[in-house]
Every structure is written in structure tokens, then in C-alpha cells.
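Undergrad: mind folding the following:
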Amino acid sequence: MAFQVRIADQALAEVEDVLAWMQGHSPAAAARWYAALLAAVRTLESHPERCALAPEGEKYGVPLRQLLAGKRRQAYRVLFTVGGNVVNVVHVRHGARDLLRRGAGRNLPAPWLLRLNRNVVLR
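TA: Residues are numbered from 1 along each chain as shown. Coordinates of the predicted model:
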């Protein structure tokens, strides 16, 4: 089954923040990181259930999954939900960051994140 991957506004903002920081230090590394991240996210188009459940999902009762993109200290967690044949990417966070907490900055706006940008669809 082919899944459609949608990116939430929150996840886009997080990716843009990382890209802006990286481009200030190394534009070439930023381009490589972005290409690798997109390639990893595209793998969610088939069998997204292969990814582990994220610990935050259990705490809030949400079936949240995570895809690790990158290696070692440069790994990012792509947090997403699956509904029908749609994968909703809701956050992209550096692996070293603390787990998501409700009410902490931009982390978890009520009602829990799924404000999707309908124009950003991977194909």
C-alpha cells in the first residue's frame, strides 16, 4: 500500500530552523542534511509501521511513531502518525533533545499538533 506523506506546519518550521542554522555554518552540509532528511521521510511512503513507537505517544495516548534520520550524534527524530493511507509528519527534532512536553514552547500546541499544511505533500 502506498502512503501519502503530509508535513505539519510545526515540522516545517523545525526543519527551516535547522537549515538556517546549518547554512550559517556550512551551506554544503546543510544541503546534504536536507537531501538526506527528505530521502528518509520519503521512505515513509511504504510501510511506515516499521518504525518504532515514540515514547511521547504512550504518555499522551497518541500512536506517535519515530523514524531516525542520520547517524550517531547527527540523528534527527521524525515524529509522525499514521491514519488510513496518510502519514502525518508532526515534528522533526534532534535526537539529543528532550522528549516532547505539553505546553513547552512550540513543542505541543493544543490540540496536540495536527495542524497540517495541505500544500506540502511528498510524492
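
Undergrad: so where is the chain shaky, pLDDT-wise?
TA: Within the chain, the stretches with pLDDT under 70 are 95-123.

Undergrad: can you give me the strands in it?
TA: Here the chain has its strands, by DSSP state E, at 4-8, 65-69, 76-83, 86-94, 116-122.

Undergrad: right, and residue 37 touches residue 69 too?
TA: Yes - applying C-beta atoms under 8 Å, one finds residue 37 in contact with residue 69, separated by 5.3 Å. The C-beta positions use only the backbone N, C-alpha and C, and glycine is treated the same way.

Undergrad: now for those two: what residues contact both?
TA: Residues touching both residue 37 and residue 69 by C-beta atoms under 8 Å, 6 or more residues apart in numbering: 76, 78.

Undergrad: what's the closest of the strands of the chain to residue 15?
TA: strand 86-94 (5.3 Å; C-beta to C-beta).

Undergrad: on contacts alone, who are the packing partners of that closest one?
TA: strand 4-8, helix 9-25, strand 76-83 (3 or more C-beta pairs under 8 Å, 6 or more residues apart in numbering; DSSP states H and E).

Undergrad: and it, what's buried?
TA: Across strand 86-94, burial judged by 16 or more other C-beta atoms under 10 Å covers 87, 88, 89, 90, 91, 92, 93.

Undergrad: now do stretch 10-29
TA: 10, 11, 14, 15, 18, 19, 22.

Undergrad: tell me the contacts of the second one?
TA: Right, residue 11. Listed by C-beta under 8 Å, 6+ apart, the contact set of residue 11 reads 78, 79, 89, 90, 91, 92.
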